[in-house]
Structures are given as C-alpha cells and as structure tokens.
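How does the following fold in three dimensions:
(2 chains)
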2 protein chains.
Amino acid sequence: MPPSISPLAVDLPPLPELAGVRLGAAAAGIRYQGRTDLVMAELAPGTAVAGVFTRNRCPGAPVDWCRSILPAGRARALVVNAGNANVFTGRAGREAVQATAEAAARLVGCPARQVFLASTGVIGEALAHARLTAALPALHATLRADAWEAAARGIMTTDTFPKAATRTARIAGAEVRISGIAKGSGMIAPDMATMLCFVFTDAKIPPAALQSALARGSEASFNRITVDSDTSTSDTVLLFATGQARHARVPTAGGPMLAGFRAALAEVLHELALDVVRDGEGAQKLVRIDVNGAVSARSARRVGLAVANSPLVKTAIAGEDANWGRIVMAVGKSGEPADRDRLGVAVGGVWIARAGAAVPGYDETPVVAHMKGREISITVELGLGRGRSSVWTCDLTHGYIDINGSYRS
Amino acid sequence: MPPSISPLAVDLPPLPELAGVRLGAAAAGIRYQGRTDLVMAELAPGTAVAGVFTRNRCPGAPVDWCRSILPAGRARALVVNAGNANVFTGRAGREAVQATAEAAARLVGCPARQVFLASTGVIGEALAHARLTAALPALHATLRADAWEAAARGIMTTDTFPKAATRTARIAGAEVRISGIAKGSGMIAPDMATMLCFVFTDAKIPPAALQSALARGSEASFNRITVDSDTSTSDTVLLFATGQARHARVPTAGGPMLAGFRAALAEVLHELALDVVRDGEGAQKLVRIDVNGAVSARSARRVGLAVANSPLVKTAIAGEDANWGRIVMAVGKSGEPADRDRLGVAVGGVWIARAGAAVPGYDETPVVAHMKGREISITVELGLGRGRSSVWTCDLTHGYIDINGSYRS
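Sure, this is the predicted structure:
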C-alpha cells in the first residue's frame, strides 16, 4: 500500500512550454507496476549543460557517466528511470549506462556522450536496461513540449507528490524562463540527497557560467536540506540551457548580466528543495532552523544541520513538544564553536532560553500552539559572531519507520 | 506507561562487596514517583579518582563541577540523581551543584571538592536541589556495602533494566576487583552518550595511572557505541580506586604492572557499553559492525559509525531486511577513503557483495535467518589498508519514536 500523500504537499504549478525542450514518460516495468518509471527529454541542438552530483564515495554508474561527459558542456537528451538506482552494480552497471545512452542517442541523432542519465531506486540490483532501451523508441515518438507533469511524476520513487517550480527572469532585457522538476523523499542530506533535479531554461548561457550559477544555487538550496542525514549515491542536479531565447550574448564567465537569472534560478532550486523536505518520508511538519551569531556562515550551517539531523529533536517535533533542551544538546554536539552561557533558543519566534538559561516565566501558550502547526520555526542565537544560515528538515515519525522498515521487501 | 523491558536485556550479575565502597539509593521525588532517583556512594579515605566526560559544548553543571575537581585526583563521595540533568540551568545550576556537594561533604566529613556529582534526565529545568539535600542524611545513614543493585536501579531514566558488570584482576600477584554500574538508553553517541558510568575498584592506583587506564578503556567501549547519534550534555564515566586491596605499590605512571587491571577494566567498560546499546530506546536488535581494510583504525571507526548512525540502515534492520545497498550508501557518506570497486559487505558472515558488485547467486537463505535474530553482524571490507574497528548500535523502531515523541510532556 503506497503511503498517503504528505500533509505538507503543495500543488504542482502550471508549467508553460519551454523552447527547445520536449519531454515525456512511459512505463518500462523496471520495478513498479501500473505507473510510469521512465522519463526522457530531448533538447535542442546547442543546449549547454551544468551539473552537480553527490559527494558520496560510492556513486552510481549514471553519476560516473554524467561526470565523465559533463566537461564537454553539451547535451541533447536526458533519460531517467525510477525503481532501480544502478548503484553498486559493477560492470553490469557500466554496460547498462552505455546501452541506454546509445539507444537514446540513436533516436535523437547525437553522440551517446551528449545523453545525460539518472537512475533512482534500489541499490545493488542489476538494472534491466533492456527494458529501458525497448521502451525508449515509443517514448521518444511521443515527446511533447507540455508533458511536464508526466515527467515530474515519472521520476518519483517513495515521493507522494510530484514536484516542479518555474520562474521567469530577464537577461539584458529579454525574458527567459526557468522550469525544474525534482524527486526526493528519503536518503536526503547534503551533499546532497536521493534527489534528482532537472532544470531547463531557454536562455543561452555558456557552460562555465551555467555551472557557476548552478553550483551557487545548489549550495543555498539542496545543500541546506536534510530529511534523515543519509547521503544518496545518486544525487544529481542538471541544468540545461537550450539557447532558444533571444537575448544579448552572455559572456563565458557570466557576470552581472546574469544577476536576475541567478536569482530566479535560486528561487526555482529553493522551491524544489523545500518540496523535497515537504515530502520527507513520514513528514508531518516542515521545520526551518535559523542559526544566527555563529563565527561564520559555514559554522552556522553546521550547527543548523546538527539540530536538523538530531533524532531526538525530530521526534520531539513529531510529538509537538517544544523540547528546547534537545536543541541545546544538538548545538553542543555539532562540534562548532558555541558558548553555553551565550546561547539562546526561540521556537515560533518566542525566546525560551537566553544567555544559557531558561527565560524566567516565559509564556508557553504561543509556543504550544506553534508546535501544533505544520510549519515549525526554530531560531538558535549563538552570540559569537555574525555568521548565519538557515536549514530545513522535517520531523521523524512512525511513518518514516513504516516506509523504511519495509521498502525493499 | 513505562516501556516494557528490552528484549535484549541481560540479568544483573551478582556483585560482591568491594572494600572501601558503601552505597545506596533513595526516593527524593525529583521527577519520578514511586521509585528511587537518588544514589550515593561513600568512598574510603585516600580514594583516587579518574574521569572522562562528554565533549558536548553545552555540558551540564555537574560535568563542569567534576571537571573542576578532578585534577586533585581524590574522591570521598559520589551523588547522582535521575530525572533532571541540571543542564542549561545557568546560575541556579551552579548553586544546585554547590549545595549538593556541601550537603554530602558534611555527612561524609570531607571537603565539598571531594564529592563527585552527576545528574541525568530533562535538560533546561531547574533542579530542585533542596529535595536532594533533604533526602541525603537518611540515605547516608543507610549506605551498605552490598547495595549494588539498588544503586544500579536508582540512576536509571528511560532505561528498562539495571546495568552492572564485575571482574577480578591481579596486580603484582594480588587479586583486586573492579565493579561498575551504568545507565543509558537514548542520546547515546560518542563522545559519549547520555550515559553515566561509575566504576569502583579496591586497587590502589595513583590518579594519573587510573586516568590513563580509564581513557584507554572508554575509547574502546563507550566511544564505539551509538544509539541515535545524539551526544548528551551529561556523559560521565568515573573510576574510583579505594586503595583497600593489599598489593605492591603501583608506580605513578602505571606501566606493565597494570596490564591485567587494564584488561579487566576494559572488559567491565565494554560489557556496560553493550548493556547501554541493548537498552537503546526501542531497540529490538543488537548490531555489531566490523570494518576491515580501512586506511587506519580511526577511519575504520568513522566508517562504522556512519553505518551505525544511518537511519536507513537502522530501519532496514528493524524490518529484518538485509538491505546491503544502504550499507554501501552509509560507507560512501562517511567521507572516509573508500573505493567502491573494492568494497565488500557481509551480513551474518555471508558475503553479499564483493569488489563493488553483488556476489552472483549468493544464497540469501542464511542471511534471511540471521536478520530474524536478536544479534546482527555486519562486516564491511574496504580493501584499502589494515585499519579495523568494531562499533555497536541497535535498530531504529517504532519504539524509539514512541519514547521520544512523548518523553517530556
């Protein structure tokens, strides 16, 4: 029985067509029955590509593949399957990647090394890639410019709702669009998540500038979320720029001309990252943790992640208990500079502790009400410096145990 | 309703009297009703002491106190309360510590700075130390040499069974005894755990040698266990040597004369550490992770802890699923040197994966049977060097969520 839709789910926004992108989904029967599990996108000739990948030391074969072809900066197709991650599959995994890329390349009419691949699902089982290559021709024949929802649904695994975001931006006065889809639900932690994210834009941006914008945007979004501290072997974020929009030429290094584009891209990535947390396995509450007064932004982020990853903090939130003592514990265990006697903790904007002790006679009523809501806010004040960061997580519930105690079998 | 006793519980071993130690427990009504929550031990004059403490940056007032008095190396009493950790309590916390130490010192007839203190329980609430000091005189009057079980029970919080271990060793031919009690169940991770451990010996050992033996023994025991990766603000391990046994003088630095003592101490600490994991909140299975072939022992331990702390690995074990793909993921996320294509994983002694891929046609039958047992063994072979380490953890179950989603309220 599939888990019911996350109570934190948001509706899929309308996604207009994006010049240079046609996409679609099909049922290849990799693992799931009665649903799509194979997604393809064909990209206009000249499409530039940027990518960031998991830092897990045991990456899947598709990640190896994408890393090897990324330096050329060009892409004509994307093929994604759900249900099998093609990770820890040895030579068979490399063969699956090669065969899939070649099959897609034949359909599109491009070198295999311009076909980007991603797989998500079970680790360690051979990917039945013959099913992929058999399903690709019919899928390719049906690619459409308006099949965004189908694509967003086709990449889901334990996700309970499809995830997409879109924005417009201006480059030298001309409007461009940025649209992305993502999947992710568990094994979510920097860097990065069992998280696949594919973003498309009609802007014409050189690969180096594209890469720089993506790296910066990912750092502020996907690298600030965690569901369970587990870092996937398959995390992939790809950004394709089809170059179909008409605007002044963007310099190789990007520069100020891309300021608006970078801001809009950051919004798309941030929205998708939060959607992933909203769909965290078993999540009942979306939790934002703001850390202020750290010795640096990096230190603030680490403190935030220590709080966000603490099972005791997460179970307390699930129990709607503003157990700030556990927040103090988590700050202390982060290993980052912290002075107990300067530390403050607020929940829902109410300061419960300041300068190393509980605030005398603080009014628990608004905090209790806040904890019953869907969106929880925690603020940690370290009182040491000016470093600040925000991270997002979800609570740890029986649902997480249900989903992960019986996922494979 | 208290959770039922852990299915991994072990019986309390018989603990003989130990010369120079009298102890007991009383009900001070700090938090719990109808049970003891205050433990005292009086130690013979001349008792040496060693201690190791949490590395959490927000330690409790009793930890600060013990750290400040430890350098003198002498102890006459120990006072422990359960139910309130006296952490993040500011000036009130320091006053509680001072008042409790002074009250015990008056009863024993020693300086307050020879009274060691530990508290465990809720963080951030003022400790009603007047209840402690009021209960101490009657408790002191009833201290006995044989009240080990009472002491082991009096320090429990969410523990479901009392924990103790005892061994004998020889120092220069004379027999000495080492007996310890411990508590701990959640917020358990290096360094170290919501874990209190008090070990007593009748050996006569100088403080410096005692400290060295304790530090080494803790490293190989309490610093290799994890329940939930959360590091307590109160972790304390104290070792008291009453010096009542008759044996040749031990040099200040210890040396070879203490080889047998160190080995027996290590066994006591290891047994107590495993008892803590056996009582991990919600634990249904005890999990041992052996990591071999790492670049160093330190690296091996980090890899082991990454596996032991992975919620996805722990929930898979709860579901009796030998999901070795998640083990691969956890190895890869540890950040330690690992080469996917040399990696091997065994469960219950059966190699499921070797050299970066599943073992073709491996027989799952014995693995399935192993996963249904109470004690789970995971072996990770990195194939890089000679570094090895073992760590212990438990599974992550609905019981953990039940206990921690409603502990405080």
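
what about stretch A:330-339, average pLDDT?
In this model, stretch A:330-339 has an average pLDDT of 90.

what's in contact with it?
A:294-295, A:299, A:302-303, A:305-307, A:309-310, A:312-313, A:340, A:343, A:380, A:382-384, B:55-59, B:189, B:230-231, B:233 (CB atoms under 8 Å, 6 or more residues apart in numbering or on different chains). Every C-beta, even on glycine, is put in place using the N, C-alpha and C of the backbone.

residues of it that come out buried?
Judged by neighbour count (16 or more other CB atoms under 10 Å in any protein chain shown), stretch A:330-339 contains these buried residues: A:330-334, A:336, A:338.

What is the burial count for A:Trp351?
The number of residues packed near A:Trp351 is 16, by other CB atoms under 10 Å in any protein chain shown.

Name the residues linked to it by a beta bridge.
A:Trp351 has these beta-bridge partners by DSSP bridges: A:Ala346.

contacting residues around it?
Contacts of A:Trp351 by CB under 8 Å, 6+ apart are A:344-345, A:359, A:362.

still on that earlier bit, can you put the buried residues of stretch A:330-339 in JSON lines and add secondary structure and distance to B:Leu8?
Listed next are those as JSON lines, based on DSSP: H, G, I helix; E, B strand; the rest coil; distance: CB to CB, whole Å:
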{"residue": "A:Ala330", "secondary structure": "helix", "distance to B:Leu8": "27"}
{"residue": "A:Val331", "secondary structure": "helix", "distance to B:Leu8": "31"}
{"residue": "A:Gly332", "secondary structure": "helix", "distance to B:Leu8": "29"}
{"residue": "A:Lys333", "secondary structure": "helix", "distance to B:Leu8": "25"}
{"residue": "A:Ser334", "secondary structure": "coil", "distance to B:Leu8": "30"}
{"residue": "A:Glu336", "secondary structure": "coil", "distance to B:Leu8": "34"}
{"residue": "A:Ala338", "secondary structure": "coil", "distance to B:Leu8": "35"}
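
I'd like the distance between A:Ala322 and chain B.
To chain B, A:Ala322 is 9 Å away according to CB to the nearest CB, to the nearest Å.

Correct me if wrong: that residue contacts A:Ala369.
No - counting by CB atoms under 8 Å, A:Ala322 stays clear of A:Ala369, with 10.4 Å between them.

between those two, what contacts are shared?
Overlap of the contact sets of A:Ala322 and A:Ala369 (by CB under 8 Å, 6+ apart) consists of A:Gly348.

which one of these two has more residues nearby?
More crowded of A:Ala322 and A:Ala369, by other CB under 10 Å: A:Ala322, with 25 against 11.

Local confidence estimate at that one?
Looking at A:Ala322, its pLDDT reads 90.

who touches it in this structure?
A:316, A:347-348, A:352, A:364, A:367-368, A:370-371.

Would you mind checking those residues for buried ones?
Here, 16+ other CB under 10 Å leaves A:316, A:347-348, A:352, A:367, A:370-371 buried among the contacts of A:Ala322.

quick one: which of these sit in helices?
Under the assignment DSSP state H, those contribute A:316, A:367, A:370-371 to helices.

Next up, identify which helix or strand A:Arg153 is on.
Assigned by DSSP states H and E, A:Arg153 falls within helix A:148-154.

in that helix, what's buried?
A:148, A:150-154.

re earlier: in TSV, list the contacts of A:Trp351 along with neighbour count and distance to chain B.
TSV is the format used below for the contacts of A:Trp351 (neighbours: other CB atoms under 10 Å in any protein chain shown; distance: CB to the nearest CB, whole Å):
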residue	neighbour count	distance to chain B
A:Gly344	21	11
A:Val345	24	9
A:Val359	15	11
A:Tyr362	15	11
